[in-house]
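**Q** Make a model of this:
(chains A, B, C, D, E and F)
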Protein chains: 6
Amino acid sequence: MPLFDLPLHELRRYTPVVEEPEDFDDFWSATLAETRGHAHAPVFEPVDTGLELVEVFDVTFAGWAGQPVRGWFLVPAGRPGPLPCVVQYQGYGGGRGLPHQWLYWANAGYAHLFMDTRGQGSGWSAGDTADPAGSAPAHPGFMTRGIEDPETYYYRRVFADAVRAVETARAHPLVDPERVTVTGISQGGGITIAVAGLVPDVAAAMPDVPFLCDFGRAIEITPKDPYPEIVRYLTVHRDKVAPVMRTLSYFDGVSFARRASAPALFSVGLMDMVCPPSTVFAAFNHYKGEDKSIVEYPFNDHEGGGPFQEREQLNWLRARK
Amino acid sequence: MPLFDLPLHELRRYTPVVEEPEDFDDFWSATLAETRGHAHAPVFEPVDTGLELVEVFDVTFAGWAGQPVRGWFLVPAGRPGPLPCVVQYQGYGGGRGLPHQWLYWANAGYAHLFMDTRGQGSGWSAGDTADPAGSAPAHPGFMTRGIEDPETYYYRRVFADAVRAVETARAHPLVDPERVTVTGISQGGGITIAVAGLVPDVAAAMPDVPFLCDFGRAIEITPKDPYPEIVRYLTVHRDKVAPVMRTLSYFDGVSFARRASAPALFSVGLMDMVCPPSTVFAAFNHYKGEDKSIVEYPFNDHEGGGPFQEREQLNWLRARK
Amino acid sequence: MPLFDLPLHELRRYTPVVEEPEDFDDFWSATLAETRGHAHAPVFEPVDTGLELVEVFDVTFAGWAGQPVRGWFLVPAGRPGPLPCVVQYQGYGGGRGLPHQWLYWANAGYAHLFMDTRGQGSGWSAGDTADPAGSAPAHPGFMTRGIEDPETYYYRRVFADAVRAVETARAHPLVDPERVTVTGISQGGGITIAVAGLVPDVAAAMPDVPFLCDFGRAIEITPKDPYPEIVRYLTVHRDKVAPVMRTLSYFDGVSFARRASAPALFSVGLMDMVCPPSTVFAAFNHYKGEDKSIVEYPFNDHEGGGPFQEREQLNWLRARK
Amino acid sequence: MPLFDLPLHELRRYTPVVEEPEDFDDFWSATLAETRGHAHAPVFEPVDTGLELVEVFDVTFAGWAGQPVRGWFLVPAGRPGPLPCVVQYQGYGGGRGLPHQWLYWANAGYAHLFMDTRGQGSGWSAGDTADPAGSAPAHPGFMTRGIEDPETYYYRRVFADAVRAVETARAHPLVDPERVTVTGISQGGGITIAVAGLVPDVAAAMPDVPFLCDFGRAIEITPKDPYPEIVRYLTVHRDKVAPVMRTLSYFDGVSFARRASAPALFSVGLMDMVCPPSTVFAAFNHYKGEDKSIVEYPFNDHEGGGPFQEREQLNWLRARK
Amino acid sequence: MPLFDLPLHELRRYTPVVEEPEDFDDFWSATLAETRGHAHAPVFEPVDTGLELVEVFDVTFAGWAGQPVRGWFLVPAGRPGPLPCVVQYQGYGGGRGLPHQWLYWANAGYAHLFMDTRGQGSGWSAGDTADPAGSAPAHPGFMTRGIEDPETYYYRRVFADAVRAVETARAHPLVDPERVTVTGISQGGGITIAVAGLVPDVAAAMPDVPFLCDFGRAIEITPKDPYPEIVRYLTVHRDKVAPVMRTLSYFDGVSFARRASAPALFSVGLMDMVCPPSTVFAAFNHYKGEDKSIVEYPFNDHEGGGPFQEREQLNWLRARK
Amino acid sequence: MPLFDLPLHELRRYTPVVEEPEDFDDFWSATLAETRGHAHAPVFEPVDTGLELVEVFDVTFAGWAGQPVRGWFLVPAGRPGPLPCVVQYQGYGGGRGLPHQWLYWANAGYAHLFMDTRGQGSGWSAGDTADPAGSAPAHPGFMTRGIEDPETYYYRRVFADAVRAVETARAHPLVDPERVTVTGISQGGGITIAVAGLVPDVAAAMPDVPFLCDFGRAIEITPKDPYPEIVRYLTVHRDKVAPVMRTLSYFDGVSFARRASAPALFSVGLMDMVCPPSTVFAAFNHYKGEDKSIVEYPFNDHEGGGPFQEREQLNWLRARK
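**A** Take a look at the predicted model:
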């Protein structure tokens, strides 16, 4: 619980050298091109939830390799578009759950697409999306699936899905494609940064206590999962440090942040032992967009700002409308 | 995590003898009479939350001894009454938090009053209601405050507040006083049962994984807080077993259940180590009302049914409308 | 660490009713037939380990769906066949590691095939075999991959691999196909029982502290992984108890034991919290073969007999030669 | 258990800047004046303990707001005054217990007043003193009761009680008012420093491993309760960092130490994770009195010197007689 | 913390069959005879503790094999004998500490001999007595030293020391040899029972939450040290269950209780996980003397009655004077 | 699990000042001379293990004070000498176990002597060697036995045994005395360094993640046993810091390393919390021999390289043959 990372004044200027492979952009262009090649029309099925103020749809869209990815789509009942939209990604281990858990943005007047994370959704919130890809030997969890090679790494598929979620939202007749914001907590925050780097024209990005940043440091200082899944993998596969670090260099939030230009609102817990503050500041300080700010929660661990940050986000978005 | 309580077929017929003091009803009549003697008009202040589909009010009403108790009141924006209403009580250690955390019932078309629990609200969700009463020596937490005597016991004040919350809701012009349902999880479920016993004409009661039931058994079989606060108190105050057990006999959910006649929907986790299933079934099996049912979650610990149970509740309420 | 399961005299006669689906045998016949349809010649590549008394080969054989499964094959250097052979399966989370870890059986004069477990081998001993199949949402670990349906369940592939390992050993020119014994610890013991049920003419089966038996009881009484992976999956997927229990009914060691007739030497730790003794005795007591015995370690947890049991096994096998 | 704070040579010169509010002295003058305004004569009731060498009295004196505070008063049986006196304060969560637990100082020839801590005494040693004041929402424990405002903070009442304990001892006919020493362990040590700052003419102060010093640093580096109660409060009440830090600035042991001039004997455990050594040295290094020394226990956690330090204290006091 | 042993009504009549070796009495007669053969005059050196009401002596007497055993001897200062005397044994891992920790009995008018436990005294209270005997391989701790054979078992030496402590006290000119009481907590309670069985004419025995009773059950139900030291030894030495159980049969408190006739005051914590209540009742229910009683602490773990029981003891002893 | 010690570039040059007593060499010369004075012929009894490729002998040789020390001696079956030999020492708490656990070196063509550690062998692998020496009060475990004085310290006896193990191996007719290598993991690595310092002409030394180095730093930074046994001893024996540190100065691996000249292959886990990397580098950097190298495992805790390092060792030895 105590402070364990750099002092605050150092955090605020911490801009580590995070190495990128030369073909970083090519890798992602190819990945997205290939993914889009499999795209087909999404399905929005109305769901009877008993709710009267919002309409809910069970979404299935084509993600990586055209594989079906599920989500919930909520809109204010009976309100005509075009609506601003929030696309949200889930935290590690969780799934999309039930739609009535995600009422905030629709109640605030937004269309809201909540994306399931493939294969996850059995740790604390139920998911409905399979990950049809197998893996070489991997540590329990998702952090080391296919980690020997960037081509097969699990998050390649997830980030591709996430870009497709934005594209799916933009194509919906109720949504104003110019006003799509991406957000998420923890893993959802890491995905948010990746999408902001891969889809430069999103309207805004709001990553909370983001995961998947500054891997090299994260795996050396964090004792709490999920970063240590990688450490435990390497304690067994002692001969695979180099390929693992190479793979991760294609997925580091710092590299995506360098390419992201949308207005951004970050948050960070200064006592966060899951996503240590230095790794969050690494992404924030490298973030390319100039309209960026970060809310610091000085005594919070990974729970971060919780509902306080949700309130901040709505106020911040309203101020930018 | 494994099963540790009675087998399911015994749970379903477990109806323990829970002793009641002779003056149980007198005690509570006097408590409520005294409380109502301090009643004064509640205040409903509108709050700008940025939400468009619901209207939110910051409520202050007179609880025990007329002391101010806070809550949130949410209604579907612009919808005329009379509305059915759900009054909800919070789990142990939590407070009312921020109003956008409680959108479910308003989105389903209900007025919704969420009551803060006095003194609590600093463990995992912020509260705003003081408990102005001090206490004899007590173990950290709320379970043993004033426990030497039923007159001074902490939950006397809480249950009185909770009854007043129902009365406050009923008096609101938008609310149909015939259709007020009480609900809550864990401590909130325990309070729900108490209110159902004290206010016989509530429309329905929906206690989830309720706390505060069958104290005598609970403190002997549960290793997880908060019941063990009482155990730890008694490890120190070795000479106070009798007065403590006497005090608790005025507050046992089983005794309130015996007096409650509203239709009821319970839930229970069969691996719940915080509110062991036998203590929940003790209340359920003793519950007086005939329209009662219980949803069993066979592999869940204290998280119980979570969003699945919320969905059950709405369906169950809709079927009774 | 204390005794937590049935008393010893009850364990010794514990023969629970474990329900089997009607098509249990058809399911497995079809699975094996399909697997064998993909079989192709194994590869045995010599490895320079620096060892002088044994010869080591890196084996690749066709497992489920013809997918490559790796293993080590060790034989006494320069000794002509036919040799008796031990086929060994690994414990949960482990992989085949390095070949010099498996010198025992070759030093005792046996050919020894140590099979890698697909996908595993990143928890405490390195593996080299991929599991190319993806999965619906699953809890971290392997227990719930594809668990919605017996067709997709992870252990369907593993058990098919394991049968193929026996067939691969039998086909090796140095091995006497009449004298192939199967063995393994924990998960390896569970696989051993499955193979003994599926390949009735193995020479002997030596399951140690076997896993994967009497699932219905195991998930209700064990707090230590990996059985609780299933529990945690069900805490999230509260609506999937029935399909999960149905799937497991195709994989229960008790059902395989009922079909297994080879001489068998079991072991059990009476304080084993990972594979509780009742679940081991469930398989042992149901085991069909009449030449069966079990070594009880009264004060051991899941480490069981360790090297003491290895010594027992060699003596037991020598006595049956 | 390992060293986790500053190296010893830095500890010995660590004199942090601890900010004080301008009205620090006024606040405390007013508090004590108000408290003394409620003073009334203490009661000393003889207790039959079966002990023959000491006489024991159950003390009740008027503390903050004139509220009754309990204690034990022990004197060597039959010995005439005036006696030197030791006033002792209890550690966090404990109460005065039973009088035969406190025989040391009376056996050494001192009168001994052991003060109960209001509201506490249910964690590990029984207390008998109520804290009649309620509180705004607070974390379980005593650290955050009334913490929004120095006026309502729990320790305001405790420190006022503690000053009154000295005054009560001084007024006893057997006690030499010039020779009253204050002491205590942990919380008792923190109270000792406060009293030494508020009652400049006590004869000596002997704080052991004192708590309640250098709050700003303590809550950032300590993972073990009770300091983290404040952290957990702030994780929930994310918007109250400023008022909380303001309140604490009226209660920091460093500020009291700056005002204390009596001869002082401190102790510190260099591996103390509850009251980290830097926070103890912060008070010691700022201590105004010149006759001061500190006993360092290099390998001790919060147990500090235990009986060794008691022996040190008696020797130190005897040398000063 | 919850109840985990037999229900109270069964505890009260629990009289297990505890097997004794035929030569139990011979073994102990021979042990004591041999020990007494090495006896020589004890040394009582006065210690300057700064205490004025008691006189303190550093005692060294000849224990097993004539080896020096240390203790503290305290008497009311200047009081003439003959005095009743309390001989006290220490809990597991502790040593005699410093003499001012043991003021209770001297303050109550008794001579008091506190015996150090050989080899121990480095776990939580310092000891000064060596155990010059080595051991075959043993688990860390004292429970398995020399456990292969009753002749070499550690507690043979300790119990012989303890009998010699009584004899040493009786021989002191200030002590009335007819009025020597033995007592102790936990291990000290186990030693107390052994001494009461070996020295039938002690005046009284007061074992608190005694250890070293009903070994066969204790090692099967207790997860908390020190009983599990034996379990862990047997997890490694899987082939030594029989000799270990044989050795323990010479040291079981139940067998000593069967031979003890002095008036006895026991205590037991009904939630005691270190010395489970059934093992305490096993000794109590088998205790031969008719003037026996037991104080039950229903909610206490191994801390038992603490200072409450000390008060009970003094009252009980005074009533028997 | 995270990095907690010095950064790698500092580790690589970390050469702490470790003080040695002036009579360090005299102490050890005298110890070895005295030990050798008690030497007598070892016994090698053949054991029937059922293994066919190796021959196994149960060894008993004269260790410190001529006391019997056990071991296993394995050689390739039927192979004539002279053979190179590996002498191996065991990790803390373990014993020699069963001989079939140690097949590696014999399978690689070496004679192999595996030495039991006196008194140990009851924690995780069975031992058969007594430690006939008793001890002054000591903490459970072996780290503080006899620690008041270098003459009585436990490791004096162990290191003497270990030197005698080398001498025993060298004297065996099958062994080439010029080609005896010493090795061991953790405690075995610490003993390896000591032997390399005491027997300058061993052929090679291969300490893995060695224990018993740089005690002064180790006890200040390590929270995981066994180093903290010393810390806990000192928390109780607060007055014995100086004699304890003096004793340890005769046993520090750094001092032995300064005297060792054989070719050496070390290993270190950079996340090793039991034997922190700085303490390993302290010995390595001070190691006198010039043919030295160290394998760094960047993400491993105390498991270090495991089978990977065994493979390294064989390759390294083969390259030096």
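**Q** the strands in the stretch 1-150 of chain A, which residues?
**A** Here the stretch 1-150 of chain A has its strands, by DSSP state E, counting those that start in this stretch, at A:43-47, A:54-62, A:68-76, A:83-89, A:111-115, A:131-135.
**Q** Can you name every helix or strand that the fifth one contacts?
**A** For strand A:111-115, the helices and strands in contact under the criterion 3 or more CB pairs under 8 Å, 6 or more residues apart in numbering or on different chains; DSSP states H and E are strand A:68-76, strand A:83-89, helix A:104-107, helix A:154-170. All C-beta spots, glycine's among them, are computed from the backbone N, C-alpha and C.
**Q** please redo it, this time with the cut-off set to 7 Å
**A** Using 3 or more CB pairs under 7 Å, 6 or more residues apart in numbering or on different chains; DSSP states H and E, the elements in contact with strand A:111-115 are strand A:68-76, strand A:83-89, helix A:154-170.
**Q** Kindly export the last one (C-alpha atoms) in CSV.
**A** Extracted in CSV, the C-alpha atoms of helix A:154-170 (Å, rounded to 0.1, in the frame of the first residue of the first chain):
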residue,chain,number,x,y,z
TYR,A,154,-2.7,-12.5,-27.9
TYR,A,155,-2.9,-8.8,-27.8
ARG,A,156,-2.4,-8.5,-31.5
ARG,A,157,-5.9,-10.0,-31.9
VAL,A,158,-7.3,-7.9,-29.1
PHE,A,159,-6.0,-4.6,-30.4
ALA,A,160,-7.3,-5.5,-33.8
ASP,A,161,-10.7,-6.2,-32.3
ALA,A,162,-10.6,-2.9,-30.5
VAL,A,163,-10.0,-0.9,-33.7
ARG,A,164,-12.9,-2.8,-35.3
ALA,A,165,-15.1,-1.8,-32.4
VAL,A,166,-14.5,1.9,-33.2
GLU,A,167,-15.2,1.2,-36.8
THR,A,168,-18.4,-0.7,-35.9
ALA,A,169,-19.6,2.2,-33.7
ARG,A,170,-18.8,4.8,-36.4
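**Q** What is that helix packed up against?
**A** Short answer (3+ CB pairs under 7 Å, 6+ apart): helix A:154-170 packs on helix A:24-37, strand A:54-62, strand A:83-89, strand A:111-115, strand A:175-185, helix A:187-198.
**Q** Serialize those to a markdown table and add fields for mean neighbour count and mean pLDDT.
**A** As requested, those are arranged in a markdown table below (neighbours: other CB atoms under 10 Å in any protein chain shown; pLDDT from 0 to 100):
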| stretch | mean neighbour count | mean pLDDT |
| --- | --- | --- |
| helix A:24-37 | 15 | 98 |
| strand A:54-62 | 22 | 98 |
| strand A:83-89 | 26 | 98 |
| strand A:111-115 | 28 | 98 |
| strand A:175-185 | 23 | 98 |
| helix A:187-198 | 29 | 98 |
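**Q** Can you redo those as a markdown table, where the extra columns are distance to residue B:268?
**A** Shown next, in a markdown table, are those (distance: least, CB to CB, whole Å):
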| stretch | distance to residue B:268 |
| --- | --- |
| helix A:24-37 | 45 |
| strand A:54-62 | 28 |
| strand A:83-89 | 32 |
| strand A:111-115 | 29 |
| strand A:175-185 | 30 |
| helix A:187-198 | 32 |
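**Q** of all those, which lies closest to residue A:101?
**A** strand A:111-115 (8.6 Å; CB to CB).
**Q** tell me the angle that closest one makes with strand A:83-89.
**A** Strand A:111-115 runs at 20 degrees relative to strand A:83-89, counting by axes from the mean of the first three to the mean of the last three CA atoms, to 10 degrees.
**Q** In contact with residue A:211, which residues?
**A** A:92, A:186, A:187, A:189, A:190, A:275 (CB atoms under 7 Å, 6 or more residues apart in numbering or on different chains).
**Q** quick revisit: kindly reformat the helices and strands packed on strand A:111-115 as TSV containing distance to residue B:236.
**A** Listed next are the helices and strands packed on strand A:111-115 as TSV, based on distance: least, CB to CB, whole Å:
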stretch	distance to residue B:236
strand A:68-76	50
strand A:83-89	48
helix A:154-170	52
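**Q** Nearest to residue D:264, out of these?
**A** Per CB to CB, nearest to residue D:264 of the helices and strands packed on strand A:111-115: strand A:83-89, 57.7 Å.
**Q** ok, back up a step: right, and the strands of the stretch 1-150 of chain A - which one's nearest residue B:125?
**A** Distance to residue B:125, taken as CB to CB, is lowest for strand A:83-89 among the strands of the stretch 1-150 of chain A, at 21.3 Å.
**Q** Can you give the distance of that closest one from its chain's centre?
**A** Remark: strand A:83-89 is offset 13 Å from the chain centroid, using CA atoms, centre = their mean, to the nearest Å.
**Q** Tell me the strands beside that strand, with direction?
**A** strand A:111-115 (parallel), strand A:175-185 (parallel) (DSSP bridges).
**Q** what sits against the spatially most central residue of chain A?
**A** By CA atoms, centre = their mean, chain A has its centre lying nearest to residue A:191, at 2.1 Å. Applying CB under 7 Å, 6+ apart, we find residue A:191 in contact with A:89, A:158, A:159, A:162, A:184.
**Q** Chain C: which of those is nearest?
**A** Using CB to the nearest CB, residue A:158 comes nearest to chain C of the contacts of residue A:191, at 13.2 Å.
**Q** And for the closest one, the neighbour number?
**A** 26 (other CB atoms under 10 Å in any protein chain shown).
**Q** likewise residue A:7?
**A** 10.
**Q** Where does the stretch 1-150 of chain A get nearest to chain F, which residue?
**A** Proximity of the stretch 1-150 of chain A to chain F (CB to the nearest CB) peaks at residue A:4, 8.8 Å away.
**Q** Quickly note the distance from the closest residue to residue A:133 other than its chain neighbours to chain B.
**A** Among residues not flanking residue A:133 along the chain, residue C:134 sits closest, at 4.8 Å (CB to CB, 6 or more residues apart in numbering or on different chains). Separation of residue C:134 from chain B (CB to the nearest CB, to the nearest Å): 25 Å.
**Q** Touching, residue C:134 and residue A:130? I think so.
**A** Yes. Counting by CB atoms under 7 Å, residue C:134 touches residue A:130, with 6.2 Å between them.
**Q** now the strands paired with strand A:83-89 in a markdown table, with distance to residue F:305?
**A** Shown next, in a markdown table, are the strands paired with strand A:83-89 (distance: least, CB to CB, whole Å):
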| stretch | distance to residue F:305 |
| --- | --- |
| strand A:111-115 | 42 |
| strand A:175-185 | 38 |
